[in-house]
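Peer 1: test case, fold it:
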Amino acid sequence: MSHQPILLIHGGAWAMPDDAVASHERGIAAALAAGWSALSRGCTAIDAVEAAVTIMEDDDTFDAGRGSFLTRDGRVQLDALLMNGADLRTGGVACVERLRNPIQAARLVLEKSPHVYFVGTGAERFATQHGMRLIDNTELIVPRERDRLMAFQLSEAAGEPDTTFSGISDEAVTSTEAQRSGETPVFPLDPATEQVALETEVEAALPEELRIDDPTLHSHDTVGAVALDQYGNLAAGTSTGGTLSKAPGRVGDSSLIGCGCYADNLSAAVSLTGWGEPIMKLVLGKWAVDRVAAGATPQSAASAAIDYLFTRLGGHGGIILLGPDGQIGIAHNTPRMAWGIATASGTQLGITRNP
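Peer 2: Take a look at the predicted model:
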């Protein structure tokens, strides 16, 4: 039985400024073209996801590959995951510094290793053993990110709170009774979060020329793709450079199975972007695909996942979800999320989509 192929991608969810919209749309369009070209030639969903994500890794607009955010010590560290929904074969790499395209290294792990996950120099060694070329880390760094890191560190030195993961404090948990009753929980905010919220509200009310850009507002630009091929198989991939001024060695949700990425022909394929720590705590990717397996539509599952991310842990982010029947789901609770869809009928792309 032949299926109608579909490709769905995202290029990050954050407070994207107006002057970044065009570059994101161009990047999304290029990634869609590459992934759809693979699908239309009869290639697999894995091929399409790898092709689309590779394009975004090479585009310094995004936080993946070249142009990624810098660690606290001024280097780029990359994470990526690729998963095949047909047989659950998976490949992941994390904290690699000398590979231009970590999604391609993830593909090598998926296909050529009995293991699932390699990190750091071990991942780089495995990749070179299978034909990938090492590069100097400086090839991944762009001036924009040096400036952004400097602005962040100056802000930090001045005592400003790090708003990268601002949200509900870990102590603010929902009562079991409130969860069972379906009531919307009211969370106490910690003082730092309250201050950030107040400053954000004041900042938004200022004239444009008086606003001070918060460097952490732009630090959730992870990329990902999900695809369904003509053979009825799903695949998902996610790639990231992490968060601004992250501690060296920190790994977020993007490359962890069931967190930032998951694919299973019996449920759905998913890729997420946003605040990694809350997403990891909730294993949110698996949470979403399990709801599709239980009968929810991808759109309702996507919306529920983002609601859950916020109501449980105060997290922000975005999600793309694709079912084995070709139904899609897109949701985010950030001001904007770059996304694109390709089918035989054509392509759609945009920066905001919350049905």
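
Peer 1: for residue 224, which non-adjacent residue is closest in space?
Peer 2: Distance criterion C-beta to C-beta, 6 or more residues apart in numbering; nearest residue to residue 224, sequence neighbours excluded, is residue 271 at 2.9 Å. Every residue, glycine included, has its C-beta placed from N, CA and C.

Peer 1: pull the number of nearby residues for the one you found.
Peer 2: One way to gauge burial is a neighbour count; for residue 271, by other C-beta atoms under 10 Å, it gives 31.

Peer 1: which SS class is it?
Peer 2: Residue 271 carries the three-state label strand when classified by DSSP: H, G, I helix; E, B strand; the rest coil.

Peer 1: shouldn't it be in contact with residue 236?
Peer 2: Yes - under the criterion of C-beta atoms under 8 Å, residue 271 makes contact with residue 236 at 5.3 Å.

Peer 1: joint contacts of those two?
Peer 2: By C-beta atoms under 8 Å, 6 or more residues apart in numbering, residue 271 and residue 236 have these common neighbours: 224-226, 261.

Peer 1: and the furthest pair within the residues you listed?
Peer 2: In the shared contacts of residue 271 and residue 236, the most distant members under the criterion C-beta to C-beta are 225 and 261, with 9.7 Å between them.

Peer 1: need the overlap of contacts for the two.
Peer 2: Here residue 225 and residue 261 have 236-237, 271 as joint contacts, going by C-beta under 8 Å, 6+ apart.

Peer 1: between those, which is nearest residue 139?
Peer 2: Checking those one by one against residue 139 (C-beta to C-beta), the nearest turns out to be residue 237, at 22.0 Å.

Peer 1: tell me the secondary structure at that closest one.
Peer 2: The assignment at residue 237 comes out as strand when based on three-state DSSP.

Peer 1: now that it has come up, it's in contact with residue 85, right?
Peer 2: No - because the distance of 11.4 Å does not satisfy C-beta under 8 Å, residue 237 is recorded as not touching residue 85.

Peer 1: quick one: which helix or strand includes residue 299?
Peer 2: Taking DSSP states H and E as the definition, one finds residue 299 inside helix 298-313.

Peer 1: now that helix: buried residues?
Peer 2: Within helix 298-313, the residues that qualify as buried by neighbour count (16 or more other C-beta atoms under 10 Å) are 298-306, 308-313.

Peer 1: helix or strand next in line after it, which one?
Peer 2: Counting by DSSP H and E, the next helix or strand C-terminal to helix 298-313 is strand 317-322.

Peer 1: can you list the strands that that following strand pairs with?
Peer 2: Using DSSP bridges, the strands paired with strand 317-322 are strand 269-274 (antiparallel), strand 328-332 (antiparallel).

Peer 1: all helices of this structure, in order?
Peer 2: 21-40, 45-58, 102-112, 120-129, 143-157, 176-181, 191-205, 276-282, 284-293, 298-313 (DSSP state H).

Peer 1: ok so, going back, the helix holding residue 299 packs against which elements?
Peer 2: Helix 298-313 sits against helix 276-282, helix 284-293, strand 317-322, strand 328-332, with contacts defined as 3 or more C-beta pairs under 8 Å, 6 or more residues apart in numbering; DSSP states H and E.

Peer 1: out of the shared contacts of residue 271 and residue 236, which is nearest to residue 160?
Peer 2: When the shared contacts of residue 271 and residue 236 are compared for distance to residue 160 (C-beta to C-beta), residue 224 comes out closest, at 30.2 Å.

Peer 1: pLDDT score assigned to the closest one?
Peer 2: Looking at residue 224, its pLDDT is 98.

Peer 1: contact partners for residue 230?
Peer 2: Residues near residue 230 by C-beta under 8 Å, 6+ apart: 2-5, 39, 42.

Peer 1: narrow those to those that are buried.
Peer 2: Those of the contacts of residue 230 that meet the buried threshold are 5, 39, by 16+ other C-beta under 10 Å.
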